[in-house]
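>>> next comes the sequence, and after it the predicted model I'd like to discuss.
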Number of protein chains: 4
Amino acid sequence: MRNLGKNRLEGFSDGVVAIIITIMVLELKVPHDTTLDGLLRLTPVFLSYVLSFVVVAILWANHHHLVHTVERANGRVLWLNNHLLFWLSLVPFTTAYMGENHLAPLPVALYGLVMFFSGVAFDLLRREIAQDSGADPALAQVHRRSNWSNALAAALYLASAPLAWVSVWISVAIFVLVPLIYFMPGQTIEKLALQGSR
Amino acid sequence: MRNLGKNRLEGFSDGVVAIIITIMVLELKVPHDTTLDGLLRLTPVFLSYVLSFVVVAILWANHHHLVHTVERANGRVLWLNNHLLFWLSLVPFTTAYMGENHLAPLPVALYGLVMFFSGVAFDLLRREIAQDSGADPALAQVHRRSNWSNALAAALYLASAPLAWVSVWISVAIFVLVPLIYFMPGQTIEKLALQGSR
Amino acid sequence: MRNLGKNRLEGFSDGVVAIIITIMVLELKVPHDTTLDGLLRLTPVFLSYVLSFVVVAILWANHHHLVHTVERANGRVLWLNNHLLFWLSLVPFTTAYMGENHLAPLPVALYGLVMFFSGVAFDLLRREIAQDSGADPALAQVHRRSNWSNALAAALYLASAPLAWVSVWISVAIFVLVPLIYFMPGQTIEKLALQGSR
Amino acid sequence: MRNLGKNRLEGFSDGVVAIIITIMVLELKVPHDTTLDGLLRLTPVFLSYVLSFVVVAILWANHHHLVHTVERANGRVLWLNNHLLFWLSLVPFTTAYMGENHLAPLPVALYGLVMFFSGVAFDLLRREIAQDSGADPALAQVHRRSNWSNALAAALYLASAPLAWVSVWISVAIFVLVPLIYFMPGQTIEKLALQGSR
């Protein structure tokens, strides 16, 4: 019965994330001008898409590793997960808003803010799951390290919002940098997960 | 064989609900005006989205808890579930209709009506499933309590439709209030479900 | 290993059908006219949606019952299933084409043709699966009855296309009638399936 | 625990592919001209859709057979899979771009390029998975044959891009031809997979 609940949490999350990723690509509006110039005009929208694809895919992969360690999906886990999906569901909007307005400060700041809230939502979910698995010392250490790296990522995303009015390029640099930080802990949880499955 | 049928029912429902939620966000049309005013003009559409996201997520969570208690997915359960999905599939339309027309009475009333029918459809499914699990006394009590809370929620949603012509704010107050009622029984079923899995 | 292959066939089909159903609702374009007249102008589009929802849901339920009886998903089953999904994927287009053009003959005929091909595709899949399960006499009888009812349904859908130029109402009567025929065999397979699981 | 990880990889991939396929059909914009001429004007968009449906369905079927042979979904497999989904997510765009611009050279070349990168991404995933299953001699032989056929397919897709400026019909001939090459190895893996499951 526990596994079933967990499977549905995963299935629903996978569904929402799969749709979020593919909906973002709908913003690549087909040009009826078949010159190279007409195609290249899509570059900012395309690069915004690539950036968001990578961030959402990283979050999904980390979500995958995290839920691996869940014993059972209780009501709190369910709702913290829905909370995460809510913020992620705004990513197609902020991606298009940033891409179609050639990096104006407000869209860039909003993109950073939604990423900040997505990161915080992911971390709240992670902390709830961490509490349940407090007994495992190796896992506890991974979570301690995640506390730091997620706090850093959240701080950077939060800073990216006001910094967009200094220079949008600082914010964009943060958007490119943060995924790399997020990338690490998942790998470590994965190693533990694989050890655990042996 | 039973589990397989149940898994597909869950998988299909999760798919439809995941798409409903992400389709609603498409109504947040990207503004090409990058001022704060241009962004704030999306507020009613955004708040409608938040409201519907919460209601649909609650229904999904309750669906999750309810189907936990199903022994096997027979033809009636299948079709009562499709009936529920039909009404839920209209939620993106009524959400956008209400959000884009600044709370005019007719869209508000239609939103209330579709929620009323979704609630009724959920309750019909719940009653069918309750019949099968009549033996379990603890579960029977949860269902008795659901009879009352769901009837109250349905009555409020039904009332919200004509009340929209008195004042749309009464209807909106109902839309915010009802989710809280729905929220309770699921939690209780969940506790039973977890006890059952021990 | 067999179950896994079958699970993915089911999961993929559920995904495509879930999206088809929810995409159809996108054709209900939100009116910016909040009078009852403005809303009622959507009636033909709405009724087309209801009709297609019912047909696709019936096909999905029958698919559900049919794949229950599959032992393993071989290459032929996989491709006959993709072939079915191809025709179903055209249903949102034909539904909108019929609904938005107030039952003009050509859209009605095309709707009938796509339903004809969907029915044929379903029957080809059913026959392939029937061959594998030839040993079970009770199942063989269900399939013999399906041979007749599916042939009848296909013949009616095929006839609906030219008849649209006589009167679109004959075709529409066929569209309403045929789902009822399809509805029966699934129920019977289901009963067998449930017996089998005891 | 291993199976769970693999199931989510499959579920997420199935979700993305299901949405890609159904999103492509949205490019079939409903004509409000109900003459046969009005309908036939959709022919190039429709044929582009059929072509992409077949290619994506073949990739999905081969993906299905390939992941059958995976022991566990490690981080590399996860990311090579996301990389494949990224390129596939661009297919709806290139399909519409080619279909709506009546086979102009640039859209045809871009279609070929995205197919080239999708093929390369699939092959990178296949090679990673092949490494893990190096011990099985029969499977190793299938992979050796795939090395050749995938390299040929990739070379043809790459060639189709510049050839679009010689004649788009050469490129289109390649687009029709390549799926047939891809089709074979999957069948062979499937046979092994079924033998393995006996």
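Everything's here; your move.
>>> what's the weakest-modelled helix or strand in chain A?
Ranked by mean pLDDT, DSSP states H and E, the helix or strand of chain A with the weakest confidence is helix A:168-197, at a mean of 69.
>>> where does the residue of chain A found nearest chain C land in three-state SS?
Closest contact between chain A and chain C, by Cβ to the nearest Cβ, is at A:Gly15 (7.7 Å). Where C-beta positions appear, they are placed from N, C-alpha and C, glycine not excepted. When classified by DSSP: H, G, I helix; E, B strand; the rest coil, A:Gly15 comes out as helix.
>>> ok, for it, nearest residue in space, not its chain neighbours?
Nearest non-adjacent residue to A:Gly15, counting by Cβ to Cβ, 6 or more residues apart in numbering or on different chains: B:Ala18, 3.3 Å away.
>>> would you mind listing what in chain A touches chain C?
A:Gly15 (Cβ under 8 Å from any Cβ of the partner chain).
>>> got the phi and psi for the residue of chain A positioned farthest from its centre?
Using Cα atoms, centre = their mean, the residue of chain A lying farthest from its centre is A:Thr35. It sits 34.9 Å away. The phi/psi pair for A:Thr35 (degrees, to the nearest 10) reads phi -80, psi 160.
>>> so it is in contact with D:Leu106, correct?
Yes: under the criterion of Cβ atoms under 8 Å, A:Thr35 makes contact with D:Leu106 at 7.2 Å.
>>> quick check: residues of chain A near chain B?
Counting by Cβ under 8 Å from any Cβ, the residues of chain A that sit close to chain B are A:1-2, A:4-5, A:7-8, A:11-12, A:15-16, A:18-20, A:23, A:27, A:72, A:74-75, A:78-79, A:82, A:85-86, A:89-90, A:92-93, A:96-97, A:100-101, A:104-107, A:110.
>>> what are the ranges of the helices in chain A?
All helices of chain A, identified by DSSP state H, fall at A:2-24, A:36-40, A:43-68, A:75-89, A:91-100, A:105-132, A:137-163, A:168-197.
>>> of those, flag the one that's most buried.
Comparing the helices of chain A by mean neighbour count (mean count of other Cβ atoms under 10 Å in any protein chain shown), helix A:91-100 ranks first with a mean of 25.
>>> name the helices or strands packed onto that one?
If you count contacts as 3 or more Cβ pairs under 8 Å, 6 or more residues apart in numbering or on different chains; DSSP states H and E, helix A:91-100 packs onto helix A:2-24, helix A:43-68, helix A:105-132.
>>> let's have those in CSV, adding mean pLDDT.
Converted to CSV, the helices and strands packed on helix A:91-100 look like this (pLDDT from 0 to 100):
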stretch, mean pLDDT
helix A:2-24, 79
helix A:43-68, 88
helix A:105-132, 91
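>>> please name the nearest non-neighbouring residue to A:Leu78.
Closest residue in space to A:Leu78, ignoring its immediate chain neighbours: B:Ala61 at 5.6 Å, by Cβ to Cβ, 6+ apart.
>>> from C:Val77, how far off is the one you found?
35 Å (Cβ to Cβ, to the nearest Å).
>>> what does A:Arg144 give?
For A:Arg144 relative to C:Val77 (Cβ to Cβ), the value is 49 Å.
>>> go on, A:Leu124?
Relative to C:Val77, and taking Cβ to Cβ, A:Leu124 is found at 44 Å.
>>> can you check A:Phe86 too?
Noted for A:Phe86: a distance of 39 Å to C:Val77, by Cβ to Cβ.
>>> looking at chain A, which residue is nearest chain B?
For chain A and chain B, the shortest gap (Cβ to the nearest Cβ) falls at A:Gly15, measuring 3.3 Å.
>>> that residue contacts B:Val16, doesn't it?
No: in this structure A:Gly15 lies outside contact range of B:Val16 using Cβ under 8 Å: 9.1 Å.
>>> nearest residue to A:Ala130 in space, please, no chain neighbours.
Using Cβ to Cβ, 6+ apart, the closest residue to A:Ala130 is A:His143 (4.2 Å).
>>> contacting residues around the one you found?
Residues near A:His143 by Cβ atoms under 8 Å, 6 or more residues apart in numbering or on different chains: A:Arg126, A:Arg127, A:Ala130.
>>> of all those residues, which comes closest to B:Ile170?
A:Arg127 (39.4 Å; Cβ to Cβ).
>>> what about A:Ile181, distance to chain D?
To chain D, A:Ile181 is 16 Å away according to Cβ to the nearest Cβ, to the nearest Å.
>>> actually, A:Val91.
14 Å.
>>> from C:Ile21, how far out is the residue lying closest to A:Thr22 once chain neighbours are set aside?
Spatial nearest neighbour of A:Thr22, excluding adjacent residues (Cβ to Cβ, 6+ apart): D:Ile19 at 4.2 Å. The gap separating D:Ile19 from C:Ile21 is 13 Å, by Cβ to Cβ.
>>> now for the residue nearest to A:Leu47 when sequence neighbours are not counted: which residues touch it?
Nearest non-adjacent residue to A:Leu47, counting by Cβ to Cβ, 6+ apart: A:Gly99, 7.3 Å away. Going by Cβ under 8 Å, 6+ apart, A:Gly99 touches A:Glu27, A:Pro44, A:Val45, A:Phe46, A:Leu47, A:Ser48, A:Tyr49.
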